[in-house]
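K.L.:
Okay, predicted coordinates and the sequence, questions at the end:
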Amino acid sequence: MTTVPAEDAARAKGPLSRLTLEYSYVMKGLVEKAKEPGFTAADWAPLAELVAVGEFERVGSFTERVNWAQYADLLTMWARAAVWDFRVRRVTEGDGYAILELEERAKYRDRFETYRSVSVYEFDSARKLRRLELYLSKAEAPDAARSYSWDWSEVSAELL
């Protein structure tokens, strides 16, 4: 089990918000490992342990939808290109879900981005993540937002 810093663990209101924080810190560690030679989508296995991989769906900030295998490919592509860190702002939970607000920082070869995210984590009855919805907010000029686009065909994402 990944260690969640005490300051962040104290923010958890229950078991689902604790799982959400654990997911974030497992991801952080794997994003760092993704820079190592030979890292593949299969190396997301520690994160997959927290996920109902057969029914998982991730809806991203561009409303793209991916399943677990596609998400692992997307994470691999992103993690190889980014140095990522975050600060927990808020975490809460309700019946079957948790909501996590982060202040995130991502450094790429050609830019540095800061943004706030709100993610909704939906869990099944076994407390495995079955759905993840991501919402981003960042300050930038409207033209800058169009300066980069993902190649969604690489991960076979379904665009809405």
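P.N.:
Sure, I can see it. Residues are numbered from 1 along each chain as shown.
K.L.:
contacts, neighbours, all on C-alpha from now
P.N.:
Will do.
K.L.:
Show me where this protein has its strands.
P.N.:
With strands called from DSSP state E, the chain shows them at 57-59, 65-66, 83-94, 97-108, 111-123, 129-137.
K.L.:
Looking at these, which is nearest to residue 37?
P.N.:
Ranking the strands of the chain by their distance to residue 37 (criterion: CA to CA) puts strand 83-94 first, at 15.6 Å.
K.L.:
Who are the packing partners of the closest one?
P.N.:
Judged by 3 or more CA pairs under 8 Å, 6 or more residues apart in numbering; DSSP states H and E, strand 83-94 is in contact with helix 15-33, strand 97-108.
K.L.:
Mean pLDDT for these - can I get that in a markdown table?
P.N.:
Below are the helices and strands packed on strand 83-94 laid out as a markdown table (pLDDT from 0 to 100):
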| stretch | mean pLDDT |
| --- | --- |
| helix 15-33 | 97 |
| strand 97-108 | 97 |
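K.L.:
Tabulate the ones you listed (JSON lines), appending mean neighbour count.
P.N.:
JSON lines is the format used below for the helices and strands packed on strand 83-94 (neighbours: other CA atoms under 10 Å):
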{"stretch": "helix 15-33", "mean neighbour count": "20"}
{"stretch": "strand 97-108", "mean neighbour count": "18"}
